[in-house]
Structure formats: structure tokens, C-alpha cells
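Participant: sequence plus the predicted model coming up.
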Amino acid sequence: MSDDDKKPPRRGTRRDEQTQVLTRRRTKRPPLYRVIFHNDDYTTRDFVVTVLMRYFHKTHTEANTLMLHIHTKGKGIAGVYTYDVARTKQTRVEGLARQYEMPLKLTIEPEDGGREGDG
């Protein structure tokens with residue numbers, strides 16, 4: 001037996017044992033949507049502040065500042081979320097407003113990256 005017969009076979013020397021390259025797919029981020037509050041003459045300021053704190057997790061100061069912005073400018077952005085989250089917040093807040101017989105209106109619109117000073 002020669003010395004070559006005692007050596008283990010070398011790995012990776014045959015063409016069919018080449019390394020495979022795995023490609024990873026990047027997960028595309030879902031589009032985001034703005035939840036916009038619209039001013040009206042009947043929904044109370046306290047109700048808007050309470051809703052902003054409860055459903056949009058604003059501090060009392062943040063909620064009060066945003067409520068005043070909505071009141072003076074006519075609308076304001078409460079938050080930016082995925083479509084399902086934005087739609088759920090819209091539905092729940094408007095449903096609560098109807099229970100209290102208030103005409104509060106929220107809309108959602110696609111986030112395009114450029115804000116126009118609404119919030």
C-alpha cells in the first residue's frame with residue numbers, strides 16, 4: 001500500500017461538490033397610511049383628546065396640542081400605520097363617536113413620504 005492510499009479523499013475536488021449560493025429575499029415593507037382627524041362643530045375637544053390618548057397612545061400634552069391643531073387647521077394626522085391597523089383605528093374611533101352621538105370623521109390616506117404640515 002502506498003502513502004497515497006492511506007490519505008482520506010480530499011473534499012471539494014470534484015465539480016459536482018461545488019458550493020451552492022443561497023440568495024435571501026428581502027421582505028418588502030408594507031405601505032403605510034396616515035390616520036387623519038377632521039374638525040367638526042359638534043365633537044367636543046375633550047372627546048378628541050381622550051380618543052387620541054386611548055387609541056393613539058398620545059400623552060395628555062400631545063393629545064391637547066394635536067386637538068388644537070385639528071381645531072384650527074381643520075385636520076391633523078394622529079399617526080401612521082399599516083393599512084389594517086389604520087383602518088381598525090378609524091373604525092373603532094368612529095364607532096365610539098357614534099355611541100356618544102358625535103359626528104367625528106377620520107380618514108386614512110397613503111403615506112407618500114412628504115408631509116404637508118398636517119400633524
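Facilitator: Okay, I see it.

Participant: which SS class is the most centrally placed residue in the chain?
Facilitator: In the chain, the centroid-proximal residue (C-alpha atoms, centre = their mean) is residue 81; its distance is 2.4 Å. Three-state call for residue 81 (DSSP: H, G, I helix; E, B strand; the rest coil): strand.

Participant: find me the pLDDT at the residue lying closest to residue 67 once chain neighbours are set aside, would you?
Facilitator: Excluding its sequence neighbours, the residue lying closest to residue 67 (C-beta to C-beta, 6 or more residues apart in numbering) is residue 48, at 4.6 Å. Bear in mind the C-beta positions are built from the backbone N, C-alpha and C, glycine included. pLDDT for residue 48: 98.

Participant: tally of neighbours for residue 48?
Facilitator: For residue 48, the tally of surrounding residues (other C-beta atoms under 10 Å) stands at 26.

Participant: and what of residue 74?
Facilitator: 12.

Participant: ok, it to residue 39 distance?
Facilitator: As judged by C-beta to C-beta, to the nearest Å, residue 74 and residue 39 stand 5 Å apart.

Participant: helices of the protein, start to end?
Facilitator: Under the criterion DSSP state H, helices of the chain are mapped to 3-6, 45-56, 60-73, 83-99.

Participant: those helices: which one's closest to residue 22?
Facilitator: helix 83-99 (31.6 Å; C-beta to C-beta).

Participant: tell me the buried residues in that closest one?
Facilitator: 85-86, 89-90, 93-94, 96-97 (16 or more other C-beta atoms under 10 Å).
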